[in-house]
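Asker: Fold the following, please.
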Amino acid sequence: MKNVITVFALMMLTIAGCGYHLPGRGGTLPEDIATLMIEAVENKTAEPFIETQLTNEVRDQFARRQTVTIVADAEQADAILTASIISYRSNAITYNQDDDISEYRLTMQVDGKLVRRLDDEVIWQGTVQWQEEFFASDDRAEQDQRESDAQLKATKRLAQEVYNRITDNF
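Answerer: Coordinates of the predicted model:
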């Protein structure tokens, strides 16, 4: 029994010392970054309006967690976040017995960069990707709505990933 307690205590000490933390709570932004301007996301795809959704979701991630103050003017910002949607695909992934599409997979990929305004130092740069599945429908309006819902889920997850990568420096 004593060996079990000793092993457990050693495991706990190891885990405590490994630097593990929950995503989004790492706080690795430099101390001099207190204000952030988030530019409108650029859409390099043919899919309309997804850049607005993603811009709003990224701003919401930072505003909700209050790790920095969001500002609208670059002159007031310690750092500037830019992002571009570089890929958007919606592909069939499953078919029914009649060889009709029954499910799609939406995939979005985003490049982002956080730059210190005063010296143009890149604090973080990376690419995030997310996939979201949705069911097909014979009704075109319903199909479009399902894809829109999948887009919203994907932009929320992408915004979370951008936030987590910046604050956790993955």
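
Asker: and the longest helix for this structure?
Answerer: Using DSSP state H, we find that the single longest helix of the chain is helix 140-168.

Asker: Give the buried residues for that one.
Answerer: 143, 146-147, 150-151, 154-168 (16 or more other Cβ atoms under 10 Å). All C-beta spots, glycine's among them, are computed from the backbone N, C-alpha and C.

Asker: Give me the packing partners of it, helices and strands only.
Answerer: Applying 3 or more Cβ pairs under 8 Å, 6 or more residues apart in numbering; DSSP states H and E, one finds that helix 140-168 makes contact with helix 50-65, strand 79-95, strand 101-116, strand 122-135.

Asker: let's go with 7 Å and repeat that
Answerer: Of the remaining helices and strands, those touching helix 140-168 by 3 or more Cβ pairs under 7 Å, 6 or more residues apart in numbering; DSSP states H and E are helix 50-65, strand 101-116, strand 122-135.

Asker: Between strand 101-116 and it, find me the angle.
Answerer: Put simply, helix 140-168 runs at 30 degrees to strand 101-116, going by axes from the mean of the first three to the mean of the last three Cα atoms, to 10 degrees.

Asker: returning to that earlier point: just send the helices and strands packed on helix 140-168 back as JSON lines, with mean neighbour count too.
Answerer: JSON lines is the format used below for the helices and strands packed on helix 140-168 (neighbours: other Cβ atoms under 10 Å):
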{"stretch": "helix 50-65", "mean neighbour count": "18"}
{"stretch": "strand 101-116", "mean neighbour count": "18"}
{"stretch": "strand 122-135", "mean neighbour count": "16"}
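
Asker: now the ones you listed in JSON lines, with mean pLDDT and distance to residue 88?
Answerer: Shown next, in JSON lines, are the helices and strands packed on helix 140-168 (pLDDT from 0 to 100; distance: least, Cβ to Cβ, whole Å):
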{"stretch": "helix 50-65", "mean pLDDT": "95", "distance to residue 88": "7"}
{"stretch": "strand 101-116", "mean pLDDT": "97", "distance to residue 88": "5"}
{"stretch": "strand 122-135", "mean pLDDT": "96", "distance to residue 88": "11"}
